[in-house]
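Pasting a predicted model and its sequence here:
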Amino acid sequence: QVQLQESGPGLVKPSQTLSLTCTASGGSITTKYSAWSWIRQPPGKGLEWMGVIAYDGSTYYNPSLKSRTSISRDTSKNQFSLHVASVTPEDTAVYFCALKRVTARNYEYWGQGTQVTVSS
């Protein structure tokens with residue numbers, strides 16, 4: 001059973017960089033064919049897929065966020081991180097990390113989510 005836990009600041013000022021970390025337990029982020037994603041849900045809106053880092057370190061991003069978003073990992077800590085630059089209040093959301101197999105349609109495991117508010 002894989003468990004995912006998001007961590008990071010709950011409040012970020014506009015124009016700053018939002019950084020969150022997801023710590024995985026019960027499974028390795030280098031497990032073959034695993035894909036580790038960041039997904040967010042703004043208030044009153046649906047889920048928005050932001051990007052993914054695969055088991056081999058390759059990354060893919062939502063085109064609408066690609067210019068401001070990066071995902072990295074620390075295999076020694078079994079963690080992967082999200083960085084969103086130049087945030088605005090529209091980046092206010094609950095941020096989730098999630099895991100699925102590369103070829104699967106649905107996510108098998110989700111973190112509980114962490115609220116991030118962008119405000120001065």
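Done, it's in.

quick one: the strands in the chain?
Counting by DSSP state E, the chain has these strands, from start to end: 3-7, 11-12, 18-25, 34-41, 48-54, 59-61, 69-74, 79-84, 93-101, 109-110, 114-118.

Next, the buried residues of the fourth one.
Of the residues in strand 34-41, those scored as buried under the neighbour-count criterion (16 or more other Cβ atoms under 10 Å) are Ser34, Ala35, Trp36, Ser37, Trp38, Ile39, Arg40. (Each C-beta comes from the backbone N, C-alpha and C, glycine too.)

ok now do the residue nearest the centre of the chain, which residues does it touch?
The residue lying closest to the centre of the chain (Cα atoms, centre = their mean) is Trp38, at 2.5 Å. Neighbour list for Trp38: Leu20, Cys22, Trp49, Met50, Gly51, Val52, Ile71, Leu82, Tyr95, Phe96, Cys97, Ala98 [criterion: Cβ atoms under 8 Å, 6 or more residues apart in numbering].

Before I go, just wanted to say thanks for your time.
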